[in-house]
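A.B. asks: Predicted model, plus sequence, below.
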Protein chains: 2
Amino acid sequence: MARRGDEGGCAVLRLNEDNARFGLLAMLILLYLLCGAAVFSAIEHPTELRAKKLWTQRLRNFTETHGISAEDLKAFLRTYEEANVYGVRVDALRSRWDFPGAFYFVGTVVSTIGFGMTTPATIGGKIFLIFYGLIGCAATILFFNLFLERIITMLAYIMRWFHERQLRRTGILMPSDHVRGSGTSGGESDSLESWKPSVYYVMLILGVAALLIACCASAMYTAMEEWGYFESLYFCFVAFSTIGFGDLVSGQKEYYMNQEAYRFGNCLFILMGVCCIYSLFNVISIVIKQTLNWILKKLDCRCCCRCTRKRLWHRNAVNPEHIKSRRNDVSVDTVYDSEADGRRMSGEMISAKDFLASNKVSLAIMQKQLYETANGGPRQSYARHNGFSGGIGALAIMNNRLAETSVDR
Amino acid sequence: MARRGDEGGCAVLRLNEDNARFGLLAMLILLYLLCGAAVFSAIEHPTELRAKKLWTQRLRNFTETHGISAEDLKAFLRTYEEANVYGVRVDALRSRWDFPGAFYFVGTVVSTIGFGMTTPATIGGKIFLIFYGLIGCAATILFFNLFLERIITMLAYIMRWFHERQLRRTGILMPSDHVRGSGTSGGESDSLESWKPSVYYVMLILGVAALLIACCASAMYTAMEEWGYFESLYFCFVAFSTIGFGDLVSGQKEYYMNQEAYRFGNCLFILMGVCCIYSLFNVISIVIKQTLNWILKKLDCRCCCRCTRKRLWHRNAVNPEHIKSRRNDVSVDTVYDSEADGRRMSGEMISAKDFLASNKVSLAIMQKQLYETANGGPRQSYARHNGFSGGIGALAIMNNRLAETSVDR
């Protein structure tokens, strides 16, 4: 992994690059939360105030019409709130804790959706929930990760097929290449490794898939529940992203047409949607990480230019150690070299030996870029060299860090 | 990656190993859900029925005492339910959509906790939520993954330090080794790579950390909210695991002692708890994956013994292709070889050339195991060779599969 912090002169750069990225992300998320809070507050606050006013008015009307003291009514409403916890509503809902209800409940637990339309009310249920959830959520995270792996493998395979077909059309690839590639037993994984789809295409495909699932599911919900199509879409997003507010919950009425089919469809759509959105979130988070790397690079460059100028004030030649250590990082880190170029352009003197050494580095990078271009490679190659492959990710972070997850590396 | 399915004879083995694991996990989760549903149904159903009966009784009492028709009262309760959506309760709660309330809300959105104590009621708010959540949740997933990476790195570093100290005490390691290791600039990552902590220790540490955070947070909640200590623990689990039912939500009363400090503490505890439990879930999911691999291996072995017997019935020598293709997989896959040994023991005839080839394989594996043992290596070495390091995990699944996430491998 790039150890930019050891070499940069600024306070920012003294931080390890990973720590800097983590801190930057935390700061950006905080900013995002503050902006979001401001917008939501602006949108929703007036409605809330109106609703409160309306409720006070209705409460007064009711007490006056029926001659009940406000205190009595409030005490009654408190008992109603208590009953709500056990799943009681004015218009009878389906039983919460019959077997299908309990199944729906455990489904929302392990997927961490947690609508909250059903919650354990007994101490026994709560204790069981903690232990049940611990294993269940971990198993579901594994399930989502394996699904992600499967879907990415599948997408890579399909996209490679299209890519190959395109290459064959333009005459770059001979038809025999394909036959050889898939003919041998090791062909599939070998050729998948040599060409990889862009994260943007995968994001697009997953986004379209999620939208399709949400639209189909919404059509079903609009037909079965008394929701508008847009409300159903909102429900789909809240459920699929495992936020699960519980303001809208599907399948809660006491009776539906084709009840069993609807329940099955509901489960299936939620499962597909959650898997798809989980994958989409992870792909988007890769793009966010690239953006972070890009920001860090920019900050780094600006910082370094200033530092270099300061350094030039003290001594007029770059430290040879600097380039030597850079040479070792060539396989991971081109950011350095672009920085180094920047420094060189700012008029520093370097020795002939260092010049040759840095030329070798440039040659190696150029060869790599040529190879990438020949393979229909990425447009944003900077992201490939930013320590991006150092085992990031929910499970694979622990790859090569824990004994049980490592192969000889 | 191991392609066991191509070589095994059984229907199960015809599946790719990854697909088999995915299918097995899905089946086990389904079984887990069914069992969970049965248990929860048994625990909670009686309470639900009692609560419903009690509510019907109270409703009748109230209408009789105050001379209101049941229909009028129900209509009134419906308006109350409507008002609930906008955050109205009998006992005034804090404002939902002032800035701190909105901040708490967006926090529950991006972390996918989604208590549902506050939900957007306007169309504008709902539309904004979808787009806001899409970026926010992705960013938070990245945050959790980076946190996971940081915490695992830190734990590995600390545990390595203890391991080294232990080795030095027993006299296996010279004191100079440590100095050399940390003296060079590349020392840290190099020595972390050579020794890795066990996933079980990491799980234990994270579990203890999560428990500690939950206990401290519960003490705070017990003091500030009107909850019992156990209820607070239940809330902590539900919040930290991002299930977020919303039956208990912290910080909802209109006034607290030291309001600002409590709000800050609440946010901090939830943040720490969510990060910690997320890491714990991911570590547990690795253990679950190992268990799946173990089950698959057992199934495979049993299946293979039967298959081999069937195959022996048809032809009395193993297919040489079989061993040849296995030889290529040596660095990833010892499961094959243990299978192959099993087959050989069942009395198959192999050629001298194949025997030598398989001997080379055994030698390579033995050398590897010796190296592992010398490094204080893993006890469950089978897990290391089951395609476990092939880029599993939320983000890193896409390592080496997408152009933007790969370095020359």
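C.D. replies: Received the coordinates, thanks.

A.B. asks: Output the contacting helices and strands for whichever strand or helix holds A:G133.
C.D. replies: Assessed by DSSP states H and E, A:G133 sits inside helix A:123-170. If contacts are counted by 3 or more CB pairs under 8 Å, 6 or more residues apart in numbering or on different chains; DSSP states H and E, helix A:123-170 sits against helix A:99-110, helix A:175-183, helix A:187-194, helix A:199-224, helix A:259-314, helix B:17-66, helix B:229-240, helix B:259-314. The C-beta positions use only the backbone N, C-alpha and C, and glycine is treated the same way.

A.B. asks: Close to chain B: what parts of the stretch 151-300 of chain A are there?
C.D. replies: Within the stretch 151-300 of chain A, the positions lying close to chain B (CB under 8 Å from any CB of the partner chain) are A:152-153, A:156, A:185-186, A:189, A:192-193, A:196-199, A:202, A:230-231, A:233-234, A:237-238, A:241-247, A:280-286, A:288-290.

A.B. asks: In ChimeraX, how would I select just the buried ones from those residues?
C.D. replies: Restricted to buried positions by 16 or more other CB atoms under 10 Å in any protein chain shown, the ChimeraX selection for those reads:
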select /A:152,153,156,185,192,196,197,198,199,202,231,233,234,237,238,241,242,243,244,245,246,247,280,281,282,283,284,285,286,288,289,290
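
A.B. asks: could you list every residue that touches A:A37?
C.D. replies: Residues in contact with A:A37 (CB atoms under 8 Å, 6 or more residues apart in numbering or on different chains) are B:F99, B:A102, B:F103, B:F105, B:V106.

A.B. asks: typed the wrong thing, it's A:L129
C.D. replies: By CB under 8 Å, 6+ apart, A:L129 lies in contact with A:V109, A:P120, B:F40, B:Y234, B:F237, B:V238.

A.B. asks: Save the residues you listed as JSON lines, and put in distance to A:G67 and pLDDT too.
C.D. replies: Output for the contacts of A:L129, formatted as JSON lines (distance: CB to CB, whole Å; pLDDT from 0 to 100):
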{"residue": "A:V109", "distance to A:G67": "46", "pLDDT": "95"}
{"residue": "A:P120", "distance to A:G67": "40", "pLDDT": "93"}
{"residue": "B:F40", "distance to A:G67": "44", "pLDDT": "95"}
{"residue": "B:Y234", "distance to A:G67": "42", "pLDDT": "95"}
{"residue": "B:F237", "distance to A:G67": "47", "pLDDT": "96"}
{"residue": "B:V238", "distance to A:G67": "42", "pLDDT": "95"}
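
A.B. asks: how many neighbours does A:L31 have?
C.D. replies: A:L31 has 10 neighbours, counted by other CB atoms under 10 Å in any protein chain shown.

A.B. asks: From B:A139, how far off is it?
C.D. replies: Distance, A:L31 to B:A139, by CB to CB, to the nearest Å: 11 Å.

A.B. asks: How about A:L142?
C.D. replies: Look at A:L142 and B:A139: by CB to CB, they are 23 Å apart.

A.B. asks: Could you do A:S41 as well?
C.D. replies: 20 Å.

A.B. asks: again with A:A214
C.D. replies: Look at A:A214 and B:A139: by CB to CB, they are 21 Å apart.

A.B. asks: And for A:I151?
C.D. replies: The gap separating A:I151 from B:A139 is 21 Å, by CB to CB.

A.B. asks: Give me the more crowded residue out of the two.
C.D. replies: B:A139 (24 against 20).

A.B. asks: wait, what's in contact with that one?
C.D. replies: Neighbouring residues of B:A139 by CB under 8 Å, 6+ apart: A:L25, A:L28, A:I29, A:Y32, A:S285, A:I288, B:V110.

A.B. asks: closest to B:V88 among these?
C.D. replies: Using CB to CB, B:V110 comes nearest to B:V88 of the contacts of B:A139, at 25.8 Å.

A.B. asks: is it true that the closest one touches A:Y32?
C.D. replies: Yes. At 7.5 Å, B:V110 counts as touching A:Y32 under the criterion of CB atoms under 8 Å.

A.B. asks: returning to what we had before: quick check: angle from the helix holding A:G133 to helix A:199-224?
C.D. replies: Relative orientation of helix A:123-170 versus helix A:199-224 (axes from the mean of the first three to the mean of the last three CA atoms, to 10 degrees): 130 degrees.

A.B. asks: now helix A:123-170 against helix B:17-66, angle please.
C.D. replies: Here helix A:123-170 points in a direction 140 degrees away from that of helix B:17-66 (the same axes, to 10 degrees).

A.B. asks: Not counting residues beside it along the chain, what's closest to A:E225?
C.D. replies: Distance criterion CB to CB, 6 or more residues apart in numbering or on different chains; nearest residue to A:E225, sequence neighbours excluded, is A:S250 at 6.2 Å.

A.B. asks: Let's verify that neighbour: helix, strand, or coil?
C.D. replies: What DSSP: H, G, I helix; E, B strand; the rest coil gives for A:S250 is coil.

A.B. asks: Torsion angles phi and psi at it?
C.D. replies: Backbone torsions for A:S250, taken as degrees, to the nearest 10, come to phi -80, psi 160.

A.B. asks: how near is it to chain B?
C.D. replies: 15 Å (CB to the nearest CB, to the nearest Å).

A.B. asks: Test my guess that that residue contacts A:T222.
C.D. replies: No. Counting by CB under 8 Å, A:S250 does not reach A:T222; the two are 11.1 Å apart.

A.B. asks: These two: which has the busier surroundings?
C.D. replies: More neighbours surround A:S250 than the other of A:S250 and A:T222, with 25 against 16 (other CB under 10 Å).

A.B. asks: Name all residues that make contact with the more buried one.
C.D. replies: Going by CB under 8 Å, 6+ apart, A:S250 touches A:Y221, A:M224, A:E225, A:F235, A:A239, A:N266, A:I270.

A.B. asks: where's A:N84, which helix or strand?
C.D. replies: Using DSSP H and E, A:N84 sits in helix A:70-85.

A.B. asks: Not counting that helix itself, show me its contacts.
C.D. replies: A:59-60, A:62-63, A:88, A:119, A:121, B:51-52, B:54-55, B:58, B:62, B:66, B:77, B:80, B:89-91, B:247.
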